[in-house]
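J.: Let's see this in three dimensions:
(2 chains)
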Protein chains: 2
Amino acid sequence: MDAPANYRPMDDRGLRILLSSIADISDLLGADTQAWRIREVGDGNLNLVFIVEGADGAVVVKQALPYVRLVGESWPLPLERAWFEWTALQTQAAHAPRLVPALYHHDRELALTVMEYLHPHIIMRKGLIRGIEYPRFSADIAEFLAATLFHTSVLGGPVAEHKARIAAFAPNTALCRITEDLVFTDPYREAPLNRWTSPHLDGIAAAFRADAALKRAAQERKWQFMTAAEALIHGDLHTGSVMLTPHDTRVIDPEFAFVGPMAFDVGAVIGNLMLAYFAQSGHESGPGGRDRYREWILGEAAAVWAGFERRFLALWRDASAGDCLMSAHFAGGGEADLTLSRAAFMRRLFEDALGFGGLKMIRRILGLAHVEDLEAIASPAARARCERRALTLARELVLGHRGFSGMGDVLAAARAIETEVG
Amino acid sequence: MDAPANYRPMDDRGLRILLSSIADISDLLGADTQAWRIREVGDGNLNLVFIVEGADGAVVVKQALPYVRLVGESWPLPLERAWFEWTALQTQAAHAPRLVPALYHHDRELALTVMEYLHPHIIMRKGLIRGIEYPRFSADIAEFLAATLFHTSVLGGPVAEHKARIAAFAPNTALCRITEDLVFTDPYREAPLNRWTSPHLDGIAAAFRADAALKRAAQERKWQFMTAAEALIHGDLHTGSVMLTPHDTRVIDPEFAFVGPMAFDVGAVIGNLMLAYFAQSGHESGPGGRDRYREWILGEAAAVWAGFERRFLALWRDASAGDCLMSAHFAGGGEADLTLSRAAFMRRLFEDALGFGGLKMIRRILGLAHVEDLEAIASPAARARCERRALTLARELVLGHRGFSGMGDVLAAARAIETEVG
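T.: Numbers count the residues shown, from 1 in each chain, chains lettered A, B, ... in the order given. Next comes the predicted model:
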């Protein structure tokens, strides 16, 4: 796919000219365009990100590059992903307006979106490394998950709208392909871009590549990722896609969005919290220094699931627009039967979320893209210890996801591994 | 959706003018256009079907009407379905060329397709009523199922092609909606268009509408039908969509095609064979007159599954283009592991096919659209006996689909019901 004729990566001057031509944004920033301060701050894997601050306000400008920033121009990536991200953001804003950035402008040819500058929000992953508690996080992310997943499914709306959404996001194949390769495939084979803390994890990496049961489970989840068109999912909902303060939570960066399995988003949150949990021993100033924080993380993981389940079920009970609702079948007092059906649905979603969550953990330790929670641990030996523990839980989640009776079991397994795995 | 400006239902004169303007078809039929004999023979629920015979050859012309023919103009239906049917036929022809009609011409505005006149083929359902054995049927339909389902999935080809196919067929919502309503919903509630052999089946119809476990199972399959984007399925693969002779088999009428669950097509074949099985006692000239034929039908049902499974697995073993193939993961001698994975996949497909098959049986007895196998039984009491038996097996398939160890169990259950249910 060639870049549109008018595409060019933005620089200070180009961005100044562009934004000054958009009245709403110019008003927001302040009339003196030469006083605008523009900084490129992108530290993600894929895009340019600018903060533009004027006398009256500030905005963020995110622009796609035609290649993977992490790897370079040798790995091209369609600019159209910016349009999918914009479309996903608008959909999420319709269902969870409090939990995404305000959206100001999109330029499809430039693959560029102008949105709210979130301040003093920080990327959650950095907060987790610093040991900051976020009292609103679990409730907010549970609300985001429940609202966006329910309302973009055939439980929450008409099937014709659902099919239109499937068609609209189906062309976002290149981003799905990254997930298919990096999450579900590469960690389980000798892929050139794989890396891990070596030589410490050489053995476990080889063991995972030879683990037939684990590979079969990864394969099952890959099939599900490729075929389960359940809801418009964020597609990359790790703790680097959340910006927050103790009082406010926002989900950003849904460029991987497509109509896929709900459990993938739920599992991404849980898996990334578990990575943060096992990383804590690498960040504590002395033995036991993060004991309380470590438990806070586990509590959040449990609260995310509990809050998501409660809100999703509440939406389901109150819904009337979904073409796959069962109410018509059970009209006249079948509430107990409905409850049973919904519970079976949520149970399956829980199990699949654990499976996806485990795979997301593994790929961050044995695959291409790692996470700062672990990368920031300077001592390779200490980092490897954290990573081995995370891999141990992850494998249990992927293989045993149908056996955990609830999040309590998951937390217990995590605590046991933290204590027992050296 | 309004009809295109140039749309008009064909009549003798209009069709003669149209076909004579298409050189290939005019050549095929013979130059003397006034000698062409044109008959409208549509006996289905939705369309006009013409047979056009000339001095040199014959063709069939199928044209969509903008409403459901079975119900009338009060139930509009998009003409675009003819284009989806044409696109599906072309895809099927690419993978199972021997098993679909030759395709000559499509006019999207007229919602009209010109194809091979199949002669002396008859609709399989009519052959099953007459007690005709078709030695090629099970092998041919197994090949059709395996080839079309495998090659239009992410096992058989690139995921980007799969996503494009999903997007192309996603707008075929109106036809999917018919299935969603008539198969998965209406038989389980008091729907105005439901009908059944009354008063004989009044009790069992009411019992099914009150059967919470059955409704939950129907709901699960409905969700799967709406969200499992596994392969380009025919979508209406009953024995009325098969035309054959003892020597040749063709699958027709894929206007319900979309990217959905593979098991839906497999289940449609098995369920409709089971309807034919239970209808036999209504067609035999004297007691035991159809005993041998009844067993032939059961043998075909078993052979369809066995043949499908064998062929599908063979395609899988030999494949290299699919983006969800496991071979990359298991390179270097993991054939036993792959076999296990594939067996688990096929087992799940088998179970879901039984569930879908059972639902397809129920809707033909308690819903709007019935089948000639049963409708042709003149005595309501005799028909009701056949139908009650079919409903008994169907309920077992829907509720117990995970419990049948293989087709042998299904056949044993059918035989027991045929003997024991009065």
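
J.: Nearest spatial neighbour of A:R395, chain-adjacent residues omitted?
T.: A:L214 (6.1 Å; C-beta to C-beta, 6 or more residues apart in numbering or on different chains). Where C-beta positions appear, they are placed from N, C-alpha and C, glycine not excepted.

J.: can you pull the contacts of that neighbour?
T.: A:Y188, A:F208, A:R395, A:V398, A:L399 (C-beta atoms under 8 Å, 6 or more residues apart in numbering or on different chains).

J.: Quick check: the residue of the stretch 251-400 of chain A nearest chain B.
T.: A:D337 (3.9 Å; C-beta to the nearest C-beta).

J.: What is the burial count for that residue?
T.: Neighbours of A:D337 under the rule other C-beta atoms under 10 Å in any protein chain shown: 18.

J.: Is there proximity between stretch A:262-278 and chain B?
T.: No - Stretch A:262-278 stays clear of chain B (C-beta under 8 Å from any C-beta of the partner chain), getting no nearer than 9.7 Å.

J.: Oops, could you answer that again for stretch A:150-161 instead?
T.: Yes - Stretch A:150-161 is in contact with chain B by C-beta under 8 Å from any C-beta, via A:S153, A:V154, A:V159, A:A160.

J.: returning to what we had before: and the host helix or strand of the residue of the stretch 251-400 of chain A closest to chain B, what does it pack against?
T.: Using DSSP states H and E, A:D337 sits in helix A:335-366. Under the contact definition 3 or more C-beta pairs under 8 Å, 6 or more residues apart in numbering or on different chains; DSSP states H and E, helix A:335-366 sits against helix A:202-209, helix A:212-227, helix A:262-279, helix A:291-318, helix A:380-400, helix B:212-227.

J.: Enumerate the positions of that helix that are buried.
T.: Applying a neighbour-count criterion of 16 or more other C-beta atoms under 10 Å in any protein chain shown, one finds A:337-338, A:341-342, A:345-346, A:349-366 buried in helix A:335-366.

J.: Stretch A:398-417 too?
T.: A:V398, A:L399, A:G400, A:H401, A:F404, A:M407, A:V410, A:L411, A:A413, A:A414, A:I417.

J.: rewinding a little: need the winner for burial among the helices and strands packed on helix A:335-366.
T.: Comparing those by mean neighbour count (mean count of other C-beta atoms under 10 Å in any protein chain shown), helix A:262-279 ranks first with a mean of 28.

J.: As CSV, could you dump the C-alpha coordinates of that helix?
T.: The C-alpha coordinates for helix A:262-279 follow below in CSV (Å, rounded to 0.1, in the frame of the first residue of the first chain):
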residue,chain,number,x,y,z
MET,A,262,-13.6,-10.0,23.8
ALA,A,263,-11.3,-12.1,26.0
PHE,A,264,-8.3,-10.7,24.2
ASP,A,265,-8.7,-7.2,25.7
VAL,A,266,-9.6,-8.5,29.2
GLY,A,267,-6.6,-10.9,29.1
ALA,A,268,-4.3,-8.1,28.0
VAL,A,269,-5.1,-6.1,31.2
ILE,A,270,-4.8,-9.1,33.5
GLY,A,271,-1.6,-10.3,31.9
ASN,A,272,0.1,-7.0,32.0
LEU,A,273,-0.8,-6.5,35.7
MET,A,274,0.8,-9.9,36.3
LEU,A,275,4.0,-8.8,34.6
ALA,A,276,4.0,-5.7,36.8
TYR,A,277,3.5,-7.9,39.8
PHE,A,278,6.5,-10.1,39.1
ALA,A,279,8.6,-7.1,38.2
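
J.: Quick one: mean pLDDT for it?
T.: Average pLDDT, helix A:262-279: 98.

J.: Now do that helix and helix A:291-318, the angle between them.
T.: 170 degrees (axes from the mean of the first three to the mean of the last three C-alpha atoms, to 10 degrees).

J.: mind giving me the domain ranges of chain A?
T.: For chain A, the domain assignment from automatic domain parsing gives the residue ranges A:22-116, A:122-420.

J.: near chain B, which residues of the stretch 101-250 of chain A?
T.: So the stretch 101-250 of chain A meets chain B at A:153-154, A:159-160, A:162-164, A:166-167, A:170-171, A:173, A:176-177, A:180, A:185, A:188-189, A:212, A:215-216, A:218-220, A:222-223, A:226-230 (C-beta under 8 Å from any C-beta).

J.: Can you show me the strands along the stretch 1-150 of chain A?
T.: A:37-40, A:47-53, A:58-64, A:67-68, A:72-76, A:103-107, A:112-116, A:122-123 (DSSP state E, counting those that start in this stretch).

J.: Mean neighbour count and mean pLDDT for those - can I get that in TSV?
T.: Below are the strands of the stretch 1-150 of chain A laid out as TSV (neighbours: other C-beta atoms under 10 Å in any protein chain shown; pLDDT from 0 to 100):
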stretch	mean neighbour count	mean pLDDT
strand A:37-40	14	96
strand A:47-53	19	96
strand A:58-64	23	97
strand A:67-68	17	85
strand A:72-76	10	86
strand A:103-107	17	98
strand A:112-116	22	98
strand A:122-123	17	97
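
J.: could those strands go into JSON lines alongside distance to B:A306?
T.: Listed next are these as JSON lines, based on distance: least, C-beta to C-beta, whole Å:
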{"stretch": "strand A:37-40", "distance to B:A306": "62"}
{"stretch": "strand A:47-53", "distance to B:A306": "52"}
{"stretch": "strand A:58-64", "distance to B:A306": "51"}
{"stretch": "strand A:67-68", "distance to B:A306": "47"}
{"stretch": "strand A:72-76", "distance to B:A306": "46"}
{"stretch": "strand A:103-107", "distance to B:A306": "54"}
{"stretch": "strand A:112-116", "distance to B:A306": "54"}
{"stretch": "strand A:122-123", "distance to B:A306": "55"}
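
J.: who wins for proximity to B:V71 among these?
T.: Nearest of the strands of the stretch 1-150 of chain A to B:V71, taken as C-beta to C-beta: strand A:103-107 at 44.6 Å.

J.: And the contacts of that closest one?
T.: Counting by C-beta under 8 Å, 6+ apart, A:18, A:22, A:24-25, A:28, A:59, A:82-83, A:86, A:89-90, A:93, A:112-116 sit against strand A:103-107.

J.: The nearest residue to A:S26 once chain neighbours are set aside - how many residues pack around it?
T.: Sequence neighbours aside, A:S20 is the residue nearest to A:S26 in space, at 5.3 Å (criterion: C-beta to C-beta, 6+ apart). Using other C-beta under 10 Å, A:S20 is surrounded by 15 other residues.
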